[in-house]
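# this is a predicted model, with the sequence first.
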Amino acid sequence: MATISKQDDKLVIRLSTAEKIEAQRVGFDVPLQAVRKVEVVENPVHEIHGLRPSGIKLFGTYLPGKVAVGIFLAGLHQKPTFAVLHHHDKRGVRISIEDEKVSELLIGCDNPEAIVQLLGKS
């Protein structure tokens, strides 16, 4: 499972070994000043529905309703989403960011309220 932490002035997301293979990247770092909103998401793997079939997987792994790990583009006029979601993730967080290469981070986690509290944006 991906880990989310604050280190100095950055939001740091690190992936498990399997997720690194699925995402084709090690993790994701974002300046804390770019974080605009953090919200709890129920059944987060279903939040990727807008990215199929009209969406484009840029990098990563996607099996509808099962796995979405990587960078996904919902439309040509939108910035991509970085997702780390599996079918067993019952809850997660959506982290909206500005001035970055992606518009949001969608991460499955066991205690999303702790992430909201850690980042202090709701």
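Alright, I've got the coordinates.

# low-confidence ranges, the protein, go.
49-58, 74-77, 122 (pLDDT under 70).

# helices along that one, start to end?
Using DSSP state H, the helices of the chain run over 17-23, 112-119.

# which one is residue 110 nearest to, not counting chain neighbours?
Once flanking residues are discounted, residue 110 sits nearest to residue 91: 7.1 Å by C-beta to C-beta, 6 or more residues apart in numbering. C-beta coordinates here come from the backbone N, C-alpha and C atoms, glycine included.

# repeat for residue 33
Distance criterion C-beta to C-beta, 6+ apart; nearest residue to residue 33, sequence neighbours excluded, is residue 9 at 7.3 Å.

# over to residue 25?
residue 59 (6.9 Å).

# how close does that neighbour get to residue 117?
Computed as C-beta to C-beta, to the nearest Å, the residue 59 to residue 117 distance reads 30 Å.

# who has more neighbours, these two?
More neighbours surround residue 59 than the other of residue 59 and residue 117, with 14 against 11 (other C-beta atoms under 10 Å).

# turn the helices of the chain into a markdown table, including distance to residue 73.
Shown next, in a markdown table, are these (distance: least, C-beta to C-beta, whole Å):
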| stretch | distance to residue 73 |
| --- | --- |
| helix 17-23 | 15 |
| helix 112-119 | 24 |
